[in-house]
Structure formats: C-alpha cells, structure tokens
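*Asks:* With the input below, show me the fold.
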Amino acid sequence: LFDNRTMGLYSGLACVALGQCWTVLYFLSELSSESIYETYPAIVSHLTNTEGFVLLGTYLSVSWYGHWLPSSYYLNTHAVDWTDVWWQLCIQDALQYAMHRLEHIYRPWYRKSHQYHHVHIRPRIFDAFDGAILDTISMILIPLWITAQCVHTNTESYMAFGLFYSVWLTLIHSDVPHSWEIKWALPMGVGTSLDHQIHHKFFKYNYGHLFMYWDYLMGTYKSPLSSSAPKAPTQSSS
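*Replies:* Next comes the predicted model:
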C-alpha cells in the first residue's frame with residue numbers, strides 16, 4: 001500500500017507521537033491522583049496544539065514530499081547512526097539558542113512571536129508548544145531545515161533525533177521537579193525544567209533547550225541551584 005518513502009514519513013510521525021504519549025504518561029505518573037483530572041484539558045490542548053504539533057507535522061510532511069531534505073534522509077538502512085543523532089541535537093540546539101536570543105533582543109519580533117509563550121511565568125509541561133506560529137517557525141522549523149542540510153543522515157537517525165528532540169522540549173517545561181535532573185542532567189549540561197523555569201522568570205538567562213553549553217559560552221547561564229534562583233514548584237502547584 002505504501003512505498004518506502006511514504007513509510008519513512010509515517011514511521012517518523014508515529015515515532016514522535018508515541019514519544020509524546022510516553023511523556024504524558026510519565027508525567028501523569030509523577031502527579032497525585034486528584035491532579036490528573038485537573039490536567040486532562042491541558043493534555044488535549046497539548047496534543048492538538050496548532051502552533052506545535054499541527055504546524056510541525058505539516059512541515060515534516062511538506063519537507064519530506066517536497067524533497068527539501070538531502071537524498072540520504074530517504075534511505076532506510078534499518079540502523080540508527082548515533083553520531084549523526086548527536087550532531088543533529090547539537091546543531092539544532094545551537095541554532096535554536098541563536099533564534100531564541102534574537103527574539104528577546106529584537107523587541108518588535110519578540111512581540112509578534114515569542115511574547116505569546118512568555119505569558120507562562122511558571123510554565124506547565126503542557127505549555128511546551130503553546131505560542132505563536134511565527135515563534136514555531138523561527139525557533140523550531142528554520143533550525144530543523146538548516147540542521148538537515150548540515151547533517152546528511154538516514155531515515156532511522158532522523159526519526160531518533162525527532163523523538164529525543166520533541167520529548168525533551170516537552171520535559172523541560174515540566175512544573176514537577178524530577179530527582180534525575182539534579183543527579184545527572186544538571187552536571188552534564190543537559191537542559192532541565194529547573195533551568196527553563198529560570199528563563200521564564202528572568203527572561204535573560206538560559207536560552208538553551210536541549211543543552212546549556214551555549215549559555216555557558218555566552219555568559220547567559222544562571223544555575224537553578226543558586227540562592228537567587230526561583231524555588232522549584234511542588235506537586236501541589238500543578
């Protein structure tokens with residue numbers, strides 16, 4: 001019924017969708033039982049968000065069938081090249097850092113794009129893709145296209161990258177602290193919800209998403225463990 005190219009696209013979209021389902025289930029397991037029902041409308045909004053998954057799914061479909069990607073992306077080798085995945089994550093995050101910071105610096109652009117996301121002073125996990133269409137295009141879609149031109153990889157590696165990227169963008173907006181963030185993510189410079197809560201409070205720190213490496217280099221990092229950092233939200237606040 002489907003050729004290899006069509007199967008590659010559908011498999012990639014399914015991979016991202018399953019990753020989001022896992023993320024939601026994992027998050028709900030961290031909440032008290034009474035909070036799950038309060039969160040239900042937010043789950044529906046998150047999974048049907050126009051600025052996030054609808055626009056992202058449209059981009060993936062159009063770029064795939066429009067041959068916007070290097071030819072290697074259409075090769076099903078049945079193996080993930082983890083080196084390629086690592087470089088995809090690093091380049092995507094570097095580009096997203098740059099676009100994110102530019103949005104904050106250039107106020108007219110900020111007001112038409114990223115300002116909508118910053119109505120969430122203490123974001124919840126389901127606010128991850130809540131924003132403006134221009135914001136999604138600037139910070140996610142343009143970096144995605146550039147990253148694809150820089151890293152010529154195969155279908156499976158592109159799927160693995162998309163899975164990790166979408167899951168982590170969601171997790172860093174969590175309003176429930178996780179012990180593993182302090183134990184291993186923070187020491188390794190991996191972006192955490194604690195780091196991102198700092199950004200939403202102060203606006204001028206922690207522009208990175210997947211990693212904090214660019215913030216370290218550019219002097220825009222603020223540790224969530226510092227005395228002036230906001231306290232991590234408790235489960236009762238969700």
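
*Asks:* which of the residues in stretch 151-168 are buried?
*Replies:* For stretch 151-168, burial by neighbour count (16 or more other CB atoms under 10 Å) applies to 151, 153-168. Any C-beta I mention is one placed from the backbone N, CA and C, and that applies to glycine too.

*Asks:* residues in contact with stretch 82-98?
*Replies:* Residues outside stretch 82-98 that contact it (CB atoms under 8 Å, 6 or more residues apart in numbering): 139-140, 142-144, 146-147, 150-151, 153-154, 157-158, 160-161, 164-165, 191, 207-211, 213-215.

*Asks:* Okay, and which of the buried residues of stretch 151-168 map to helices?
*Replies:* Here DSSP state H is the test, and the buried residues of stretch 151-168 give 155-168 as lying in helices.

*Asks:* I'd like those written out as TSV, with distance to Thr77 and pLDDT added.
*Replies:* Compiled in TSV, these are given as follows (distance: CB to CB, whole Å; pLDDT from 0 to 100):
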residue	distance to Thr77	pLDDT
Thr155	7	93
Glu156	6	94
Ser157	9	96
Tyr158	11	96
Met159	12	95
Ala160	12	96
Phe161	15	97
Gly162	16	95
Leu163	17	95
Phe164	19	96
Tyr165	20	96
Ser166	22	93
Val167	23	94
Trp168	24	95
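
*Asks:* Mind picking the two most distant members of the residues you listed?
*Replies:* Pairwise distances across these (CB to CB) peak at 20.7 Å, for the pair Thr155 and Trp168.

*Asks:* still on that earlier bit, any chance of TSV for the ones in helices among the buried residues of stretch 151-168, columns distance to Asp81?
*Replies:* Shown next, in TSV, are these (distance: CB to CB, whole Å):
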residue	distance to Asp81
Thr155	11
Glu156	8
Ser157	5
Tyr158	10
Met159	11
Ala160	9
Phe161	10
Gly162	14
Leu163	14
Phe164	14
Tyr165	16
Ser166	19
Val167	19
Trp168	19
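
*Asks:* ok, those vs Gly52, which is closest?
*Replies:* Proximity of these to Gly52 (CB to CB) peaks at Ser166, which lies at 9.0 Å.

*Asks:* What separation do you get for that closest one and Val16?
*Replies:* 5 Å (CB to CB, to the nearest Å).

*Asks:* Gly189 now?
*Replies:* Distance from Gly189 to Val16, by CB to CB: 25 Å.

*Asks:* got it, and Trp145?
*Replies:* 17 Å.

*Asks:* Give me the more crowded residue out of those two.
*Replies:* Taking neighbours as other CB atoms under 10 Å, Trp145 and Val16 compare with Val16 leading, 19 against 14.

*Asks:* Got phi/psi on the more buried one?
*Replies:* The phi/psi pair for Val16 (degrees, to the nearest 10) reads phi -60, psi -40.

*Asks:* ok, it - contacts?
*Replies:* Residues in contact with Val16, defined by CB under 8 Å, 6+ apart, are Leu56, Gly162, Leu163, Ser166.

*Asks:* The helix or strand Gln197 falls within packs against which elements?
*Replies:* Here Gln197, judged by DSSP states H and E, is contained in helix 193-202. Using 3 or more CB pairs under 8 Å, 6 or more residues apart in numbering; DSSP states H and E as the contact test, no helix or strand touches helix 193-202.

*Asks:* How far away from the center of its chain is that helix?
*Replies:* Relative to its chain's centre, helix 193-202 lies at 14 Å (CA atoms, centre = their mean, to the nearest Å).
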